[in-house]
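> Return a 3D structure for these sequence lines:
(chains A and B)
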Amino acid sequence: MNSRQIVATCQHIYEDMDFDYVRRWKETTRGDVIGILPVYFPKEILHAAGVLPIDLYGGGDIIDVVQGDSYYQSYICHIPRSMIDLGLSGRLNFLSGLICPFTCDVIRNFSGVWGMLFPDQYARFFDQPQNFDPEIGGEYLTDQLNEIMAHQAARGRTATTEQLNRSIFLYNENRRLIRRLYEQRVSQPWQIPAHEAYVLLRASGIMRVEESNALLRAYLADIGSIERKAEDKVRVIVSGAFCEQPSASLLRTIELSGCYIINDDFLLGNRYLDTDVEISDDPVRAISRAYLQSRVPSSCRFEEYDPKSARLVSLAQEQRADGVIFACPSFCDPALEDQPSYQQELEEAGIPFMTLQYSEDTRQFNVIREQVGTFSDSIRLAEATHA
Amino acid sequence: MNASTNTHGYKDAAMLAEKDLMAGYLHRLNTAQENGKKVCYTFVPGNLIELLHCFDVVPVFPEVLGLQMGMRRSSEHYIEMGERAGYSDDICSYVKSSVGMFMMDNVGPYGQPIPKPDFLFLVASQCFTFMKWWEILRKLFDCPIITIHLPYRHHNCMTADEAKYGLAQLTKVVIPQLEAATGIAFDIDQLRERLALSRQMEIDLAATLQAAAHTPSPIDAFSHALYYVGPINTYFRGTQEGVDFYRLARKTVEERVAANEGPMTPFGLLDEQKYRLVLECGITWDHFQEFNKILYDEKAVIVASTYTKVGGMYDSTEVLHDPSRPLESLIEHNMSNYCNNSLSDRVQLMEGYIRDYDADGFVVGSIKSCKSFSAGQLMMLQELERRTGMPGAFFECDMMDPRYFTEANVRTRLDSYFRMIDEKRRGV
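Residues are numbered from 1 along each chain as shown, chains lettered A, B, ... in the order given. Model (predicted):
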């Protein structure tokens, strides 16, 4: 497949809210499927046990929420509502479990909501340690992962050390390929439009990692084959969209409004670790170690004296970003609570920024287009004035 | 009748004593730094106050300041200042009020500056926003922060792994850092003594709150109980003053039970009680009196509430501080607080309240700011209705942002709810 065909395939998987890909896998293998909500869970331990771990981000702008609104107040974000609709409509009836990481209180409590709605499923809250000492937080994380593995083993899904290391190898490769994709976007953003990379990674989160790796490799190998010319666009980083996801159309709107999105925090879980997990005799501990050591800025990690706002500034400077767009989902506490600190640091560093709020089902883009267009024009104007 | 009246209406002896205690705490706080004591900012839910007492630290509770801003009807101003600093109206109003207070030279709701922290003490449990809030405060105050992360009780109990994680942080991180911050060596025997005092307070408070099972209920388990949980949630757990207070509170309530008296409300005695309700969550502090007046007008009494359990499951003696295993006990107590419990445990607790306190119904007041409390409440409501066969009432508000409270709306909702209970009683 060439890159166009790959993107078309991925677009189909991304938009398919009946999850045909997953259903076919389940029919063929009789395996278990476990859903994972944002932001991070080490899929390796499920994959090693023969389970298909899939990233779930709600229904986006693809389904209309019918029942979910009766489970959540007006001031709660959108993702749990559409998850409920997906669940109650039977679209997720292939799941044997759902893992809800401690991304925020809404996702935390969602583990309880899901457990009450679907008592036959394994609804598991996953509490990432906020202590990063390997002897303390590392032990706790290892204990939790072992407990989840023991639960899978009780269902006949055991994972040997060898299988775990094989899964780690595959996910290391996956993360490396995704990092390469991001590096290419920084150096030649016109070659990999953000909305295209996004669709690729959304689909990738649903697929078997082996297949995802093959697709990513093929896409990266083929990107030069399509002639795309660099345009007079400003280079921006989009920040704040790590949990409830913007639609691909929203990203396209930003790009059509004079921006190259050179970096972002969409689908952050797939690159939450910034180094390879070590292949070792104790793979679960190796996964824990990689989590503790990762320095990927995240609103879901407690930062004592190493503020992520400073790292965003460094990232913007290193990657020659002209500006930052804070695109946060409405009612997203972690993103919105971090935003003022980020803004202050950017202001001090002289890096322009703008803010916009969305929900996953935002379908009207005129205002966003005007806002972003004005932002990119202002950056270009300032550059022209200084030139 | 052991009651006094003032401009706020009736207050019993314990309620008046509570005001004195809290005034004493404020005095200690205002003079702490001149007396060479360290000041730290920490939380109401899940605080480790007995441990802080061992280091002679005077705590500030920004949530309590927020509450006071609301009660004194100045919260909107603080919140607006926080919003001017860039914090969205979508986020927690407690966070915004403390940012607002910082921007106003840290002048608190009493009109005096609140001492700036020598350090922050983050007990990351109960609520994700705590962690974000303390990140913000650390940046604003540019001071050290001591952190312990205690897990959410999603297994419906504290597991051995969770206890191990908590203990390791206490012994390897928190205690050494408190020693370094204060220059005081940790004395585990002092901690045991403090926990013994806490235990006694908890036993007396449990008896006080359980008295609501009596008909008529001698307390309002929300507005009244807030006075009762004030000292134990804040500075006074693990102190002799606290023990004395809870002995008095218990005695006061037991006397009212013996006399078949209802609770003192700001509007008078509530002896005639038409509706016994369980309340999940809280109410806008700015409109505390208005909410209570709605209940008073309808002769409704809250017999059990969850909001008063955010600092401890105080109407139960299942989780008492235990001096014989002091550090484990601190963690266990912290993790058992209401908001740190799974939704299924929360439903079970409310179901038990409805049964044990012979309630006619339950009301869910949903707080916009507090997702820890509110996200999932509509599921809880549906589940409780299914389990009890009893409909629940629901309204939205905020804990301190007056823009999210409309008295007429809440009154209409509760009126309809009471009429529904009437109809049910008549068998319609």
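> just the helices in chain A please.
Taking DSSP state H, the helices of chain A run over residues A:3-15, A:20-29, A:44-47, A:79-88, A:105-117, A:139-154, A:161-187, A:194-204, A:209-222, A:248-256, A:283-293, A:308-318, A:333-349, A:366-386.
> is any part of the third one close to chain B?
No - with C-beta under 8 Å from any C-beta of the partner chain as the criterion, chain B is not reached by helix A:44-47; the gap is at least 15.8 Å. Every C-beta, even on glycine, is put in place using the N, C-alpha and C of the backbone.
> Would you mark the buried spots in that helix?
Within helix A:44-47, the residues that count as buried by 16 or more other C-beta atoms under 10 Å in any protein chain shown are A:44-47.
> Packing partners of it?
strand A:52-55, helix A:139-154, helix A:161-187, helix A:283-293 (3 or more C-beta pairs under 8 Å, 6 or more residues apart in numbering or on different chains; DSSP states H and E).
> try 7 Å
Secondary-structure packing of helix A:44-47 (3 or more C-beta pairs under 7 Å, 6 or more residues apart in numbering or on different chains; DSSP states H and E): helix A:139-154, helix A:161-187.
> possible to save those helices as CSV with distance to chain B and mean neighbour count?
Below are the helices and strands packed on helix A:44-47 laid out as CSV (distance: least, C-beta to the nearest C-beta, whole Å; neighbours: other C-beta atoms under 10 Å in any protein chain shown):
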stretch, distance to chain B, mean neighbour count
helix A:139-154, 4, 18
helix A:161-187, 20, 18
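> Mind putting those into CSV with mean pLDDT?
Compiled in CSV, the helices and strands packed on helix A:44-47 are given as follows (pLDDT from 0 to 100):
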stretch, mean pLDDT
helix A:139-154, 97
helix A:161-187, 98
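> Of all the ones you listed, which one is nearest A:Cys332?
Nearest of those to A:Cys332, taken as C-beta to C-beta: helix A:161-187 at 22.5 Å.
> Nearest to chain B, out of the buried residues of helix A:44-47: which one, please.
Using C-beta to the nearest C-beta, A:Ile45 is the member of those that sits closest to chain B, with 15.8 Å.
> What are the neighbouring residues in contact with that closest one?
Listed by C-beta atoms under 7 Å, 6 or more residues apart in numbering or on different chains, the contact set of A:Ile45 reads A:145, A:148-149, A:159, A:164, A:284.
> from these, which single one is nearest B:Val39?
Out of these, the member with the shortest distance to B:Val39 (by C-beta to C-beta) is A:Leu145, at 39.5 Å.
> And the nearest residue to the closest one once chain neighbours are set aside, how close does it get to B:Pro176?
Nearest residue to A:Leu145, sequence neighbours excluded (C-beta to C-beta, 6 or more residues apart in numbering or on different chains): A:Val284, at 5.1 Å. Going from A:Val284 to B:Pro176 by C-beta to C-beta, to the nearest Å gives 29 Å.
> These two: who's more crowded?
Remark: of A:Val284 and B:Pro176, A:Val284 carries more neighbours, 24 against 13, as counted by other C-beta atoms under 10 Å in any protein chain shown.
> Chain B versus the more buried one, what's the distance?
Taking C-beta to the nearest C-beta, to the nearest Å as the criterion, A:Val284 is separated from chain B by 13 Å.
> Likewise for A:Tyr122?
Separation of A:Tyr122 from chain B (C-beta to the nearest C-beta): 12 Å.
> Mind pulling up the pLDDT for that residue?
A:Tyr122 carries a pLDDT score of 97 in this model.
> Over to B:Asn6?
For B:Asn6, pLDDT reads 46.
> ditto for B:Leu16
B:Leu16 is given a pLDDT of 89.
> State the number of residues packed around it.
Neighbours around B:Leu16, by other C-beta under 10 Å: 17.
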